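Peer 1: just a sequence and a predicted model for now, questions to come.
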Amino acid sequence: MEINSINAAVLAKMFLNGAKNLESKKEWINELNVFPVPDGDTGTNMSMTILSAAKEVSALEEPDMASIAKAISSGSLRGARGNSGVILSQLFRGFTKVIGKEQEITVPVLAASFQKAVETAYKAVMKPKEGTILTVARGAADRAAEMAEETDDLACFLDEVIKEAQRVLKKTPEMLPVLKQAGVVDSGGQGLVVILEGAYDALLGKEIDTQIEAGPSAQVQKITKETEAEIRFGYCTEFIIVLNHPLAEKEERAYKSFLESIGDSIVVVADEEIVKTHVHTNDPGLAIQEALKHGALSRIKIDNMREEHQERLIKDAQKVAAQQAADAAAQAADGAQQEAEYKEIGFIAVSAGDGLSEVFRGLGADYMIEGGQTMNPSTEDILNAVGKVAADHVFVLPNNKNIILAANQAATLSKDKQVHVIPTKTIPQGITALINFIPEQTAEENESRMLDEIKNVKTGQVTYAVRDTVIDDKEIRQDDYMGIGDQSILAVGRDLDEVTLAMAESMIDDDSAIVSIYYGEEVKEEAANAIAEKILAGHEDLEVEVQYGGQPIYYYLVSVE
């Protein structure tokens, strides 16, 4: 049966199911992160971005095409988190510019909306990189233009568009060598494919639950038998098949069908040599037996999700408690801010760790946004912070490369204040920017100086690996410590102090004058001081400072200037 048009009600179901599908697979997408760090967050950022829009769509009582388009565009723009979330919001922005003018969607309309989505997203990124979500989106849009000349059937049209998106996704490792070396496809591109697949299922009328809860996304649940029962399939099973021969399309479909018969949350990414498999099932052995028919297995990982669910609920409760305390402090700060004298220039800094936040406040930051790599603030979070700073010019220090696009998006949405985004990619760059602020000079003069000074800061961060991989020709094993520099991994090993020292030494050169060490919440001051003493022993002309940062996940942040 052909489907020749989509009305507002069907579009709403398609969008909501795309959001639900992404939400269900976000953890797997997180694990596609190139660097094997414990805070890969592409899936989370994309999910929170689309859920922000989905909640607005769900709140519409009598939706028409125009109101749905507005809800998708506004919700995703304000809810955008991380680079992947911002790009996704720009894709939606372009998409809705076309559909918002229509009463119903046909193949030509959908093809035009895909083209506009890609055009808008590419314009929003200063230096678009191929092998990313942008490339997957463009491949889908190009195929959409071709199919618009061949069919009026939306089901046939979308099926071919999704197949092309999947094909381009498989090619992303060939476009970005770092993906190939890590053995993954682009995580943002995978997220986009998951959204399209969910929307397509809704178009075909598959039985789905598109209910999106309104209100805060973080809900604390009690650990009960009932919450455990919500997990239908108990084991998250992942592995890579090293193929005996490339899978034919029929074989790949049969393999996916088998996995669907024993579980859910199926993700299969195949190329000519390997097949990466993810499935939630109650019998991992069945998945493994089926996979062995096609080749040898490697990187087998089986996790008991019911145990993880309990642990996550405990952690969520702890996070919510911490957030409530932070919100109370923020409200107190807001009250003080409202009474503060209005000034020419104010500062917002993104920070993770009470020690780092104190450093920023001591240097004159007016408002702190709790966040960073583990939780990227949304465009709306940043925009709300701008509104709370009593200044004509508000400088935003993202302090993370994955927050810069959201900050830029907030700047474009700010109407009553001039927002200056200093593209600080690390905490030390943000600290350097604030140190170089001169109150007597104009906002433009300060912006120019800060942009120059942050170029002189080298940053290293020490964390641990969550999986085996090879990056920058360094073999990394799960639980190894990694010293990650601005551009590459600088040191890897089993000893935390040795890795930190090796990372710092690789950053120091003849022009270096100051080394700053910020130790995290799991590190003792004595250990940080011992590393500082070893650096001084080899570089007596350097100034070495040690400060408590309190940051999670990263044992040390080290800057060299």
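Peer 2: All right, it came through fine.

Peer 1: tell me the contacts of the nearest residue to M175 once chain neighbours are set aside?
Peer 2: Distance criterion Cβ to Cβ, 6 or more residues apart in numbering; nearest residue to M175, sequence neighbours excluded, is G131 at 3.1 Å. Just so you know, the C-beta spots here come from the backbone N, C-alpha and C atoms, and that holds for glycine as well. By Cβ atoms under 8 Å, 6 or more residues apart in numbering, the contact list for G131 reads T172, P173, E174, M175, L176, L179, D186.

Peer 1: check A532 too.
Peer 2: A532 neighbours (Cβ under 8 Å, 6+ apart): V515, I517, V544, E545, V546.

Peer 1: and with 10 Å instead?
Peer 2: By Cβ atoms under 10 Å, 6 or more residues apart in numbering, the contact list for A532 reads L501, A504, V515, S516, I517, Y519, L542, V544, E545, V546, V558.

Peer 1: give me every residue that touches A12.
Peer 2: Residues near A12 by Cβ under 10 Å, 6+ apart: A54, V57, S58, L60, P63, M65, S67, I68, A71, I72, A202, T210.

Peer 1: the same query, at a cut-off of 6 Å, please.
Peer 2: V57, P63, I68 (Cβ atoms under 6 Å, 6 or more residues apart in numbering).

Peer 1: what do you get for D354?
Peer 2: G550.

Peer 1: relative to E370, how far out is it?
Peer 2: 10 Å (Cβ to Cβ, to the nearest Å).

Peer 1: how about A406?
Peer 2: Using Cβ to Cβ, we find A406 at a distance of 15 Å from E370.

Peer 1: more neighbours: the two, which one.
Peer 2: For A406 versus E370, neighbours defined as other Cβ atoms under 10 Å are more numerous around A406 (34 against 19).

Peer 1: mind checking what secondary structure that one has?
Peer 2: helix (DSSP: H, G, I helix; E, B strand; the rest coil).

Peer 1: verify the stated contact: it with L88.
Peer 2: No: A406 lies out of contact with L88 (Cβ atoms under 6 Å); the separation is 11.5 Å.

Peer 1: what's the burial count for E251?
Peer 2: With other Cβ under 10 Å as criterion, E251 counts 16.

Peer 1: quick check on E444: phi, psi?
Peer 2: Torsion angles at E444 (phi, psi; degrees, to the nearest 10) stand at phi -70, psi -40.

Peer 1: low pLDDT regions in the stretch 151-300 of the chain?
Peer 2: Scanning the stretch 151-300 of the chain for pLDDT under 70 picks out 207-231.

Peer 1: what about the helices in it?
Peer 2: Using DSSP state H, counting those that start in this stretch, the helices of the stretch 151-300 of the chain run over residues 154-175, 177-182, 187-203, 225-229, 249-262, 284-291.

Peer 1: now do the contacts for V275.
Peer 2: V275 makes contact with I241, according to Cβ under 6 Å, 6+ apart.

Peer 1: what pairs with it across the strands?
Peer 2: I241, A270 (DSSP bridges).

Peer 1: quick one on the thing from earlier: narrow the contacts of A12 to those in helices?
Peer 2: V57, I68 (DSSP state H).

Peer 1: among the contacts of A12, which one sits closest to A9?
Peer 2: When the contacts of A12 are ranked by distance to A9 (Cβ to Cβ), P63 comes first, at 7.2 Å.

Peer 1: which residue, other than its chain neighbours, is closest to the closest one?
Peer 2: A8 (5.1 Å).

Peer 1: over to G189?
Peer 2: Nearest residue to G189, sequence neighbours excluded (Cβ to Cβ, 6+ apart): V136, at 3.6 Å.

Peer 1: now do the SS call for the one you found.
Peer 2: helix.

Peer 1: any idea how far S24 is from it?
Peer 2: Taken as Cβ to Cβ, the span from V136 to S24 is 20 Å.

Peer 1: the two: which has the busier surroundings?
Peer 2: It is V136, of V136 and S24, that has more neighbours when counted by other Cβ under 10 Å, with 29 against 15.

Peer 1: surely the more buried one touches Q190?
Peer 2: No: taking Cβ under 6 Å as the definition, V136 is not a contact partner of Q190, at 8.3 Å.

Peer 1: ok so, going back, which among the contacts of G131 end up buried?
Peer 2: T172, P173, L176, L179, D186 (16 or more other Cβ atoms under 10 Å).

Peer 1: so how far is V184 from the third one?
Peer 2: Looking back up the chat, that one is L176. Looking at L176 against V184, where the rule is Cβ to Cβ, the gap reads 10 Å.

Peer 1: repeat that for the first one.
Peer 2: Summarising the geometry, the distance separating T172 from V184, computed by Cβ to Cβ, is 9 Å.

Peer 1: lowest-pLDDT helix or strand in the protein?
Peer 2: Sorting the helices and strands of the chain by mean pLDDT, DSSP states H and E puts helix 225-229 at the bottom, at a mean of 40.

Peer 1: residues in contact with E447?
Peer 2: H420.

Peer 1: buried residues in the helix or strand containing it?
Peer 2: Assigned by DSSP states H and E, E447 belongs to helix 443-453. Buried residues in helix 443-453, counting neighbours by 16+ other Cβ under 10 Å, are found at A443, N446, E447, M450, E453.

Peer 1: could I get the contacts of A12 as a markdown table with neighbour count?
Peer 2: Listed next are the contacts of A12 as a markdown table, based on neighbours: other Cβ atoms under 10 Å:
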| residue | neighbour count |
| --- | --- |
| V57 | 24 |
| P63 | 19 |
| I68 | 22 |
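
Peer 1: now render the contacts of A12 as CSV, adding distance to A19 and pLDDT.
Peer 2: Supplementary listing: the contacts of A12 in CSV, determined by distance: Cβ to Cβ, whole Å; pLDDT from 0 to 100:
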residue, distance to A19, pLDDT
V57, 8, 94
P63, 15, 90
I68, 13, 96
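
Peer 1: which among the contacts of A12 gets closest to D303?
Peer 2: Looking across the contacts of A12 and measuring by Cβ to Cβ, the closest to D303 is V57, at 32.7 Å.

Peer 1: which residue is the nearest non-sequential neighbour of that closest one?
Peer 2: Nearest to V57 is A71, by Cβ to Cβ, 6+ apart, at 4.7 Å.

Peer 1: S506: neighbour count?
Peer 2: S506 has 16 nearby residues by other Cβ under 10 Å.

Peer 1: now K97: closest residue in space that isn't a chain neighbour?
Peer 2: K116 (5.5 Å).

Peer 1: give me every residue that touches the one you found.
Peer 2: By Cβ under 6 Å, 6+ apart, the contact set of K116 is G94, K97, V98.

Peer 1: rounded mean pLDDT for the helix or strand hosting it, please.
Peer 2: Using DSSP H and E, K116 maps to helix 107-124. Per-residue pLDDT values over helix 107-124 give a mean of 95.

Peer 1: pull out the buried positions in that helix.
Peer 2: Neighbour-count burial for helix 107-124, with 16+ other Cβ under 10 Å as criterion, is recorded at 107, 109-122, 124.

Peer 1: one more: stretch 278-290?
Peer 2: Within stretch 278-290, the residues that qualify as buried are H278, V279, H280, T281, P284, L286, A287, I288, E290, counting by 16+ other Cβ under 10 Å.

Peer 1: what angle sits between the helix or strand harbouring G430 and helix 443-453?
Peer 2: Counting by DSSP H and E, the element that carries G430 is helix 427-435. On the basis of axes from the mean of the first three to the mean of the last three Cα atoms, to 10 degrees, helix 427-435 is oriented at 140 degrees to helix 443-453.

Peer 1: and the end-to-end length of stretch 278-288?
Peer 2: 11 Å (Cα to Cα, to the nearest Å).

Peer 1: output the contacts of A532 in TSV, with neighbour count and pLDDT appended to each entry.
Peer 2: Compiled in TSV, the contacts of A532 are given as follows (neighbours: other Cβ atoms under 10 Å; pLDDT from 0 to 100):
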residue	neighbour count	pLDDT
L501	20	96
A504	29	95
V515	23	95
S516	23	95
I517	22	96
Y519	29	95
L542	15	90
V544	18	93
E545	11	93
V546	16	95
V558	29	96
